[in-house]
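Trainee: Build me a structure from this.
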Amino acid sequence: MKHSRVFRTAVSAAVLAGLFGCTTTSTTQAPGWEEDTVYKLTILHTNDHHGRFWENRHGEYGMAARKTLLDELRMEVAAEGGTALLLSGGDINTGVPESDLQNAEPDFKGMNMLGYDAMALGNHEFDNSLDVLRQQQEWANFPMLSANIYDRASGDRAFQPYEIFEQQGIKIAVIGLTTEDTAKVVHPDNVRTLEFRDPKVEAQKLIDKLKATENPDVIIATTHMGHYVDGNHGVNAPGDVALARHLNEGDLDIIVGGHSQEPVCMEGPSMYNLNFKPGEECQPDNQNGTWIVQAHEWGKYVGKADFEFVNGELNMVSYDLIPVNLKKKVTLEDGSSKRVFIQDEIQADEDVLEFLRPFQERGQDLLGEVVATSTDKLEGDRNVVRFQQTNLGRLIAKSHMERANADFAVMNSGGVRDSIESGEFTYRDVLIVQPFGNMVTYNDFTGAEVIDYLNVVATKPVDSGAYAQFYGIEMTVADNQVLDVRIGGEPIDMNKTYRFTVPDFNANGGDGYPVITDHPGHVNTGFVDAEVLKAYLEANSPINPADYDPQGEITYK
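Mentor: Numbering: from 1, shown residues only. As a prediction, this is how the structure comes out:
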């Protein structure tokens, strides 16, 4: 492979020992490998696919290009006498309408073509009813793992907890774990029969059992729990760092993670490399002797962790986070800009492309099917929604609020791009209203913090995209501050905790809103705004816009 495509991180034993130490796996039975022989083992990984089976409008990522890259990587590994496993950290579902409308069939069947060996069940695998998930299991030619989800009625595990692979005489156990937060971020009806137990406890229990029964040489966890630096997880359930620290040192060799949707690249123990850019060196995390890796999201990268296994010890020798046709903007001599590949373009695999093409075309057709009907106009015209509270702005806010089980909702009017006229309308019409693919976030703030937040957000001027639409809250805005704030009909309590939603664009500081992504109460749900709106409209059709007309909840003086 050309060096312009892969930035290889050579990891010396001395450097790694100084930073993190190493991981060992002991055996008590006659091993299948030979002493004093070096075995090369590579773990390839992705996570948080979220329906991106097709390349985006800029020609980035996509499963067809990923297949070409994976084939090249496997050939490299084989040429060096090694073997590889391809793992996913979960969340195949939810994110792109063409996939959502087909229950992610192209994605799971595409994963078969790419040769995935196993995946963790993510929280978004439960966005649909369990019968949809069972159908997805039928589509997948690989195990969908989770050791900490139990059936409430029987008390048994509801899904396959682990899979054993044997390569080069090395026995490899891959266990799956799912965030406990699943129970609170998906529709309750979808998980009513399930119990999400503490993955840390379940992992230790399963590892102890595997040692007694399977005697694996290597133990890997593919997880959907999130990487939170130094274990600081805020309102999220504990993630991969907490898992690694909870286990006995040396019990777990590597965690292939997901959920927090980031490239896990470190400057040192418990310290992110905040300046990481695609194509640059990425040093994975290591906690309590366990390597932790994550490959951002959407198939933007393929992670490649190269190990050497010698006499029962597994040592990482290199790690690459390889961009899949990612681009950057460059300025041309005439002052215009264009997008160019960060590394050499990866050609799409023709077989995968042709297999997926009918799904993409079918998805486009489904966008034209009727979603719901409205008895009157839902007002989203720019010259109205940026000046006053409107029924459509409030309806969108309510859809977010209900999906996140929040107390109130904030919606920037710049995210409302059009009206919905009376009569029948389609998903394509919904995407015209909300075309940006923003995610719904929820945020747990004290009443005092809510007031500080509203003093910035609710005072944004009219005639701008920052002007906020609200639902579930009442207030008076005067002299650049909020007064008489009421939530759920009750005066705000400065010491009480309230949950509100706001698009991730604004949570990251868009429109001049406060940056709240580092607040311990911030959670990105991963739900796409247009999908949330569509589901709400379907469930409440026919829509009576008068039900969402403002009734003086927000008063400006």
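Trainee: going forward, measure contacts and count neighbours with C-alpha atoms only.
Mentor: OK.
Trainee: pLDDT weak spots in the protein?
Mentor: Applying pLDDT under 70 to the chain picks out residues 1-29.
Trainee: and it, what are its domains?
Mentor: Listed by automatic domain parsing, the domain ranges of the chain are 9-13+39-361, 371-556.
Trainee: starting at the chain centroid, how far to the last one?
Mentor: With Cα atoms, centre = their mean, to the nearest Å as the basis, domain 371-556 stands 22 Å off its chain's centre.
Trainee: and the domains of the chain as TSV, adding mean neighbour count and distance to residue 30?
Mentor: Below are the domains of the chain laid out as TSV (neighbours: other Cα atoms under 10 Å; distance: least, Cα to Cα, whole Å):
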stretch	mean neighbour count	distance to residue 30
domain 9-13+39-361	20	10
domain 371-556	19	46
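Trainee: Redo the ones you listed as TSV? Include distance to residue 31.
Mentor: Formatted as TSV, the domains of the chain follow (distance: least, Cα to Cα, whole Å):
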stretch	distance to residue 31
domain 9-13+39-361	8
domain 371-556	43
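Trainee: of all these, which lies closest to residue 33?
Mentor: Among these, the nearest to residue 33 by Cα to Cα is domain 9-13+39-361 (4.9 Å).
Trainee: Looks like residue 200 contacts residue 248 (just checking).
Mentor: No. Counting by Cα atoms under 8 Å, residue 200 does not reach residue 248; the two are 11.0 Å apart.
Trainee: give the contact list for residue 151.
Mentor: By Cα atoms under 8 Å, 6 or more residues apart in numbering, the contact set of residue 151 is 157, 158, 193, 194, 195.
Trainee: The stretch 401-550 of the chain: strands as residue ranges?
Mentor: 408-412, 423-426, 439-446, 468-471, 473-478, 481-487, 490-491, 497-503, 522-528 (DSSP state E, counting those that start in this stretch).
Trainee: rewinding a little: now, the contacts of residue 151 that are in strands?
Mentor: With strands defined by DSSP state E, the entries of the contacts of residue 151 inside them are 194, 195.
Trainee: Pick the one among the contacts of residue 151 closest to residue 350.
Mentor: Distance ranking of the contacts of residue 151 against residue 350, using Cα to Cα, places residue 158 first at 37.3 Å.
Trainee: So that closest one sits against residue 150, correct?
Mentor: Yes. With contact defined as Cα under 8 Å, residue 158 reaches residue 150; the gap is 4.9 Å.
Trainee: Quickly list what's touching both of those two.
Mentor: Common neighbours of residue 158 and residue 150 (Cα under 8 Å, 6+ apart) are residue 194.
Trainee: ok, now how distant is residue 450 from residue 507?
Mentor: Computed as Cα to Cα, to the nearest Å, the residue 450 to residue 507 distance reads 14 Å.
Trainee: Next: residue 549.
Mentor: Using Cα to Cα, residue 549 is found at 26 Å from residue 507.
Trainee: List the residues that contact residue 124.
Mentor: 91, 92, 93, 94, 182, 186 are the contacts of residue 124 under Cα under 8 Å, 6+ apart.
Trainee: next one: residue 92
Mentor: By Cα under 8 Å, 6+ apart, the contact set of residue 92 is 47, 48, 49, 50, 51, 104, 107, 108, 122, 124, 125.
Trainee: Let me know whether the fourth one touches residue 97 as I believe.
Mentor: No. Here residue 50 does not reach residue 97: they are 10.2 Å apart, not a contact under Cα under 8 Å.
Trainee: now the strands for the stretch 251-400 of the chain?
Mentor: In the stretch 251-400 of the chain, the strands defined using DSSP E, counting those that start in this stretch lie at 254-256, 266-268, 271-272, 285-287, 290-293, 301-310, 313-323, 327-331, 337-341, 370-374.
Trainee: Dump the ones you listed into CSV; add distance to residue 174 as well.
Mentor: Formatted as CSV, these follow (distance: least, Cα to Cα, whole Å):
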stretch, distance to residue 174
strand 254-256, 10
strand 266-268, 24
strand 271-272, 26
strand 285-287, 18
strand 290-293, 14
strand 301-310, 15
strand 313-323, 15
strand 327-331, 34
strand 337-341, 35
strand 370-374, 41
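Trainee: Of all the ones you listed, which one comes closest to residue 405?
Mentor: With Cα to Cα, the closest approach to residue 405 among the strands of the stretch 251-400 of the chain belongs to strand 370-374: 22.9 Å.
Trainee: Mind giving me the packing neighbours of that closest one?
Mentor: strand 423-426, helix 529-540 (3 or more Cα pairs under 8 Å, 6 or more residues apart in numbering; DSSP states H and E).
Trainee: That strand vs helix 529-540, what angle?
Mentor: Orientation check (axes from the mean of the first three to the mean of the last three Cα atoms, to 10 degrees): strand 370-374 against helix 529-540 gives 60 degrees.
Trainee: quick one: strand 370-374 to chain centroid distance?
Mentor: 29 Å.
Trainee: Which residues does it contact?
Mentor: For strand 370-374, the external contacting residues (Cα under 8 Å, 6+ apart) are 421-427, 534, 537-538, 541-545.
Trainee: switch to 7 Å and redo it
Mentor: Identification of contacts with strand 370-374 by Cα atoms under 7 Å, 6 or more residues apart in numbering yields 422, 423, 424, 425, 426, 427, 537, 538, 541, 542, 543, 544.
Trainee: cool, and stretch 48-61?
Mentor: 62-63, 89-96, 99-100, 104, 106-107, 258-259, 261, 297-300, 324-327.
Trainee: start to end distance for that stretch?
Mentor: One end of stretch 48-61 sits 13 Å from the other (Cα to Cα).
Trainee: go on, stretch 332-346?
Mentor: Using Cα to Cα, the end-to-end distance of stretch 332-346 comes out at 24 Å.
Trainee: let's have the chain start at 721 instead
Mentor: Yep, numbering from 721; the last one is stretch 1052-1066 now.
Trainee: coming back round to it: how about the contacts of residue 871, which pair is most distant?
Mentor: In the contacts of residue 871, two members sit farther apart than any others by Cα to Cα. They are 877 and 913, at 11.7 Å.
Trainee: between the helices and strands packed on strand 1090-1094, which one is nearest to residue 1134?
Mentor: helix 1249-1260 (13.3 Å).
Trainee: elements contacting the closest one?
Mentor: strand 1090-1094, helix 1111-1123, helix 1147-1153 (3 or more Cα pairs under 7 Å, 6 or more residues apart in numbering; DSSP states H and E).
Trainee: okay, it in PDB with CA atoms only?
Mentor: Extracted C-alpha coordinates of helix 1249-1260, given in PDB (Å, rounded to 0.1, in the frame of the first residue of the first chain):
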ATOM      1  CA  ASP A1249     -33.400  15.400  13.400                       C
ATOM      2  CA  ALA A1250     -35.200  14.600  10.200                       C
ATOM      3  CA  GLU A1251     -35.700  10.900  11.300                       C
ATOM      4  CA  VAL A1252     -37.100  12.100  14.600                       C
ATOM      5  CA  LEU A1253     -39.400  14.500  12.900                       C
ATOM      6  CA  LYS A1254     -40.600  11.900  10.400                       C
ATOM      7  CA  ALA A1255     -41.400   9.400  13.200                       C
ATOM      8  CA  TYR A1256     -43.300  12.000  15.200                       C
ATOM      9  CA  LEU A1257     -45.400  13.000  12.100                       C
ATOM     10  CA  GLU A1258     -46.200   9.400  11.300                       C
ATOM     11  CA  ALA A1259     -47.300   8.700  14.800                       C
ATOM     12  CA  ASN A1260     -49.500  11.800  15.000                       C
END
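Trainee: Helix or strand next in line after that helix, which one?
Mentor: Next helix or strand after helix 1249-1260 toward the C-terminus (DSSP states H and E): strand 1274-1276.
Trainee: Quick one: list the elements packing against that following strand.
Mentor: Helices and strands touching strand 1274-1276, by 3+ Cα pairs under 7 Å, 6+ apart, are strand 1193-1198.
Trainee: Name every strand pairing with the strand it packs on and say which way it goes.
Mentor: strand 1201-1207 (antiparallel), strand 1274-1276 (parallel) (DSSP bridges).
Trainee: Let's have these in CSV, adding distance to residue 851.
Mentor: CSV is the format used below for these (distance: least, Cα to Cα, whole Å):
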stretch, distance to residue 851
strand 1201-1207, 37
strand 1274-1276, 43
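Trainee: so how far is residue 849 from the closest residue to residue 827 other than its chain neighbours?
Mentor: With Cα to Cα, 6 or more residues apart in numbering as the criterion, residue 827 has its nearest non-adjacent residue at 5.6 Å, and that residue is residue 773. Distance from residue 773 to residue 849, counting by Cα to Cα: 22 Å.
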